[in-house]
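J.: no sequence on this one, just coordinates:
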């Protein structure tokens, strides 16, 4: 079967317009300047890496857009928890983002991250970081128990 021959630009546009499944890289256009990627259904090392890689691939090279990561702990990793959070921290620390907000005990692995102890503190920090006049994209990623998935409704 022959391909329709989509250009790279058309493929990128298709990915940008993809809404995903609820809380699984779900793209929510809040207004003309704010987009939230809600990938907070769960978090484990593989899903965290894939989410960060996908976010970086789509938005990482754009200088005209503010990029914010809201990350939380990956729960239930047992004895490898510290090691796996450090690996994710290494990935995040190499990313082209403007702000990292972290909810949880492993924030020390994320350079320059703003530690929050509650969802309310995350919302307060986001309100400071989001500039109404600047296009902004926010990635939410963490274990379901941290309730990062509630942020889109609380922020608006």
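T.: Noted; the coordinates are in hand. Remember, predicted model here, so these are calculated numbers, not experimental data.
J.: Against residue 86, how distant is the residue lying closest to residue 103 once chain neighbours are set aside?
T.: In space, residue 103 comes closest to residue 72 once its chain neighbours are excluded; the distance is 4.4 Å by C-beta to C-beta, 6 or more residues apart in numbering. Quick note: C-beta positions are derived from backbone N, CA and C, even for glycine. Look at residue 72 and residue 86: by C-beta to C-beta, to the nearest Å, they are 16 Å apart.
J.: what does residue 39 give?
T.: Note on residue 39: its distance to residue 86, by C-beta to C-beta, is 21 Å.
J.: Between the two, which has more neighbouring residues?
T.: Comparing residue 39 with residue 86 by other C-beta atoms under 10 Å, the one with more neighbours is residue 39, at 26 against 13.
J.: Is it correct that that one is in contact with residue 139?
T.: Yes. Contact between residue 39 and residue 139 holds when scored by C-beta atoms under 8 Å: they sit 6.6 Å apart.
J.: mind checking pLDDT for the residue nearest to residue 103?
T.: Per-residue confidence (pLDDT) for residue 72: 95.
J.: what number of residues lie near residue 133?
T.: Counted with other C-beta under 10 Å, the neighbours of residue 133 add up to 6.
J.: How about the contacts made by it?
T.: By C-beta atoms under 8 Å, 6 or more residues apart in numbering, the contact list for residue 133 reads residue 33.
J.: Can you check the pLDDT for it?
T.: Model confidence at residue 133, given as pLDDT, is 82.
J.: With the one 10 residues further on instead?
T.: On pLDDT, residue 143 comes in at 92.
J.: How about the contacts made by it?
T.: 42-43, 72-76.
J.: could you redo the last one with a cut-off of 7 Å?
T.: Applying C-beta atoms under 7 Å, 6 or more residues apart in numbering, one finds that residue 143 lies in contact with 42-43, 72-75.
J.: Most neighbours among those, please name it.
T.: By neighbour count, taken as other C-beta under 10 Å, the most surrounded of the contacts of residue 143 turns out to be residue 72 (27 neighbours).
J.: returning to that earlier point: where do the contact lists of residue 39 and residue 139 overlap?
T.: Counting by C-beta under 7 Å, 6+ apart, the residues touching both residue 39 and residue 139 are residue 51.
J.: one step back: which ones are touching the residue nearest to residue 103?
T.: In this structure, residue 72 makes contact with 43, 103-104, 142-143, 146, 148, judged by C-beta under 7 Å, 6+ apart.
J.: lowest-pLDDT helix or strand in the protein?
T.: helix 8-17 (a mean of 83; mean pLDDT, DSSP states H and E).
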